[in-house]
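*Asks:* model this:
(chains A and B)
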Protein chains: 2
Amino acid sequence: MSLSSLREQPGVAAATAAETRGFVFNHTMLRVKDITASLDFYTRVLGFSLIDQRDFPEAAFSLYFLAYVPAGTAIPEDDAQRRLWMAGIPGVLELTHNHGTEQQDGPVYHDGNSDPRGFGHLCVSVPELEAACARFEALGVPFQKRLSDGRMKSLAFIKDPDGYWVEIISNTVRA
Amino acid sequence: MSLSSLREQPGVAAATAAETRGFVFNHTMLRVKDITASLDFYTRVLGFSLIDQRDFPEAAFSLYFLAYVPAGTAIPEDDAQRRLWMAGIPGVLELTHNHGTEQQDGPVYHDGNSDPRGFGHLCVSVPELEAACARFEALGVPFQKRLSDGRMKSLAFIKDPDGYWVEIISNTVRA
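*Replies:* Predicted structure coming up:
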């Protein structure tokens, strides 16, 4: 669909309100059962960095913030400065861990893709799609859809430790 | 929590795998009931731009991709080039519209914040937090939590047309 057609879709604002200048789509929050398993998945398998953690012991939960930090980026050492820096960047993933859920049997959270539906997935784009998926296979990551499954050969879905779907697409080859 | 402590959290990978270089947390997907209402909310109220739309009439659904596009950014006119550009940026919101849901009575999708829980919220950071929230009030946007509610005075939650929570925080003032 052409760019001009997109601007004419019903519901699309004719102009961007000046009051929204500087707005940033900062993060998406998901609840996770076992934070150690999730940190392992998002840092080791997917390459995110943990850039902030906030503990609320009296309310028995902790928040973890992850992002892709380009090599050479100086992450502020100071907590307050780092939080301000983090609030200004897009592409942050917030994981909420309610303490103790990791000791429950079976899945604790709902991935949104069966009733009641809502949230669908996260998506990570990669430079080498085939290589990335082969590596996920080698690491034993569960797939919801392999590249070879179905008609859409240019995307895969893997599953995080809670079963949330993570779409994998190319950011170097036109789909 | 100090940056060095973050790196020592259980589960956090000791080093970022070279194979994940160039990975981008590209988008988050949510299903929406009434795409016109959602496009109005995300473009007029929140200032996103609609940068791609993909229709699958045989399967009766359409995908809409929105992002904050900094002023002066040249969005590629060509569809294939625009999709490749879009796959390489963080902070994209994908909305899935299953055709016909807009004609159903009442809410169609689950916001993830009551049982069964999972997905929590999106977050948009803004330069002028008080002014942004006052504008949302003036526009009649429903709030889940106003700045003045509860103990955390530096964040608010508004609700999108499906009831998904959108956290609003400052990206200029330290929390």
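*Asks:* skip the chain neighbours and tell me the closest residue to residue A:63.
*Replies:* residue A:54 (4.5 Å; CB to CB, 6 or more residues apart in numbering or on different chains). C-beta here means a position set from N, CA and C on the backbone, and glycine is covered the same way.
*Asks:* residues near the one you found, how many?
*Replies:* 14 (other CB atoms under 10 Å in any protein chain shown).
*Asks:* okay, and it sits in which element?
*Replies:* strand A:49-56 (DSSP states H and E).
*Asks:* partner strands of that strand, with direction?
*Replies:* Paired strands of strand A:49-56, with direction, are strand A:61-67 (antiparallel) (DSSP bridges).
*Asks:* report the backbone C-alpha coordinates of the next helix or strand after the strand it pairs with in PDB.
*Replies:* For strand A:61-67, the succeeding helix or strand toward the C-terminus, using DSSP H and E, is helix A:79-87. Extracted C-alpha coordinates of helix A:79-87, given in PDB (Å, rounded to 0.1, in the frame of the first residue of the first chain):
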ATOM      1  CA  ASP A  79      21.100   4.600  38.300                       C
ATOM      2  CA  ALA A  80      19.100   7.800  37.900                       C
ATOM      3  CA  GLN A  81      21.000   8.800  34.800                       C
ATOM      4  CA  ARG A  82      20.600   5.300  33.400                       C
ATOM      5  CA  ARG A  83      16.800   5.400  34.000                       C
ATOM      6  CA  LEU A  84      16.500   8.700  32.300                       C
ATOM      7  CA  TRP A  85      18.500   7.500  29.300                       C
ATOM      8  CA  MET A  86      16.400   4.300  29.200                       C
ATOM      9  CA  ALA A  87      13.100   6.300  29.200                       C
END
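*Asks:* can you list the residues that contact helix A:79-87?
*Replies:* Residues from elsewhere that reach helix A:79-87 (CB atoms under 8 Å, 6 or more residues apart in numbering or on different chains): A:24, A:26, A:51-52, A:65, A:67, A:75-76, A:92, B:1-3, B:125, B:169-175.
*Asks:* next, the angle from it to strand A:61-67.
*Replies:* 60 degrees (axes from the mean of the first three to the mean of the last three CA atoms, to 10 degrees).
*Asks:* now the helices for chain A?
*Replies:* Shown for chain A, the helices assigned by DSSP state H span residues A:3-7, A:35-39, A:79-87, A:129-138.
*Asks:* let me know which of the ones you listed is the nearest to residue B:133.
*Replies:* Across these, residue B:133 has its closest neighbour in helix A:79-87 (15.5 Å, CB to CB).
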